[in-house]
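Student: structural data only, the sequence is not supplied:
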């Protein structure tokens, strides 16, 4: 296994660990065990806990951006469908990753060394949204992107960890498409 593959394995395993146990459960030893690696492997690649948390955050951002369709949607309706599919993915099979992202984001807000990665990855998401909104005719795409990303984050948080997250039915793609359509309409209206 290459060094790059091992780093990805460690980060992926750490993400699952954070999603399941929170940051309290994130230790180098726990990641070694869960990844089936020899003791000391995680600390070899990520010497400190802060470095391991930073690797998690960077890996989540990388995977999240990979989930986004590379082709710009040709219409507002196509964009709503794409956004709904993305939300559905992150609320179902990508659920663990999103839970870990929220946990890690709170830690990054309190830890200056991690704040830079949070800021950098957040700007990348907003830039991607601004490109989409510009292609759809937004008068002020950067401002519209700020809103769209905030609404997307709010919806994800509400569905994953909000007060009714455990009692809500499973996400429905048709419902998410309608919500995405309304979010895009509002973002493009400004």
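Tutor: That came through, no problem. Here the structure is a predicted model, which means the values were calculated and not measured.
Student: give me the residues contacting the lowest-mean-pLDDT helix or strand in the chain.
Tutor: Taking mean pLDDT, DSSP states H and E as the measure, the chain has helix 112-135 as its least confident helix or strand, at a mean of 86. Counting by Cβ atoms under 8 Å, 6 or more residues apart in numbering, helix 112-135 makes contact with 50, 53-54, 57-58, 60-61, 64-65, 68, 72-73, 79, 104-105, 107-109, 138, 141-142, 144-146, 148-149, 187-188, all of which sit outside it. In this view, the C-beta of every residue, glycine as well, is placed from N, C-alpha and C.
Student: if you count neighbours, what's buried in the helix or strand residue 5 falls within?
Tutor: In this structure, residue 5 sits in helix 3-21 according to DSSP states H and E. Residues 6-19 are the ones in helix 3-21 that count as buried (16 or more other Cβ atoms under 10 Å).
Student: and what of stretch 64-84?
Tutor: 64, 73, 79-84.
Student: which stretches in this structure count as helices?
Tutor: 3-21, 28-35, 41-45, 49-67, 76-91, 95-110, 112-135, 141-161, 173-189 (DSSP state H).
Student: how about CSV for the ones you listed, with distance to residue 167 added?
Tutor: Compiled in CSV, the helices of the chain are given as follows (distance: least, Cβ to Cβ, whole Å):
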stretch, distance to residue 167
helix 3-21, 20
helix 28-35, 30
helix 41-45, 37
helix 49-67, 26
helix 76-91, 15
helix 95-110, 16
helix 112-135, 29
helix 141-161, 11
helix 173-189, 16
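Student: which one of these has the lowest average pLDDT?
Tutor: Lowest mean pLDDT within the helices of the chain: helix 112-135, at a mean of 86.
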